[in-house]
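**Q** Take a look and give me a structure for this.
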Amino acid sequence: MSPFFVMSLLFGLIFGQTASLCAPSEYTIHVEKRECAYCLAINTTICAGFCMTRDSNGKKLLLKSALSQNVCTYKEMLYRTALIPGCPHHTIPYYSYPVAVSCKCGKCNTDYSDCVRDRVRTNYCTKPQKLCNL
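**A** Residues are numbered from 1 along each chain as shown. Predicted coordinates:
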């Protein structure tokens, strides 16, 4: 092996996490309630991007906790609340949603993140749309 290859490999292992491309990204959430007249399109930020992951060839020799893969997840977030227009008085017209302030590569926390992408779910409106820019 050449010295350049060895140095590149060591550099990648040591600084691989900092080379990850995980950052807040613009995203539109579509929210509607059956009782309300409108669908609300909310512009927010989510964590998205690439995180360096190491997958071992010796999977049967290691504990499952050693095989966890890093995902792009929230480092700091805040919640905002939007008012869904066209709701009758007996309906709660508010929807709270997360806003990514900063992101990190780490284990996915199911307390506040959807760690599995659902292929059936869609993100669109079936009712007339109102735009919410907060």
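**Q** from here on, contacts and neighbour counts on C-alpha atoms
**A** Fine.
**Q** K104 reaches M52, doesn't it?
**A** No: taking contacts as C-alpha atoms under 8 Å, K104 lies outside contact range of M52: 11.2 Å.
**Q** what about the two, which has more around it?
**A** Using other C-alpha atoms under 10 Å, the more surrounded residue of K104 and M52 is K104, with 23 against 20.
**Q** pLDDT value on that one, please?
**A** You'll see K104 listed with a pLDDT of 92.
**Q** what's the distance between it and Y27?
**A** 17 Å (C-alpha to C-alpha, to the nearest Å).
**Q** Repeat that for D111.
**A** 21 Å.
**Q** So which of these two has more stuff around it?
**A** Each of D111 and Y27 has its neighbours counted (other C-alpha under 10 Å); Y27 has more, 14 against 7.
**Q** what does the helix or strand that contains the more buried one rub up against?
**A** Under the criterion of DSSP states H and E, Y27 resides in strand 21-32. Strand 21-32 is contacted by residues 38-51, 72, 84, 95, 100-105, 123-125, 127 when judged by C-alpha atoms under 8 Å, 6 or more residues apart in numbering.
**Q** For the chain, give me the ranges with low pLDDT.
**A** Of all residues in the chain, those with pLDDT under 70 make up the ranges 1-20, 54-68, 112-122, 131-134.
**Q** residue ranges of the strands in this structure, please?
**A** Assigned by DSSP state E, the chain shows strands spanning 21-32, 39-50, 71-83, 94-106, 129-133.
**Q** So which of those is the most surrounded?
**A** Looking across those with neighbours counted as mean count of other C-alpha atoms under 10 Å, the highest average goes to strand 39-50: a mean of 20.
**Q** Please name every helix or strand in contact with it.
**A** strand 21-32, strand 71-83, strand 94-106, strand 129-133 (3 or more C-alpha pairs under 8 Å, 6 or more residues apart in numbering; DSSP states H and E).
**Q** on that earlier part again, partners of the strand holding Y27 in the sheet?
**A** Sheet pairing of strand 21-32 (DSSP bridges) gives strand 39-50 (antiparallel).
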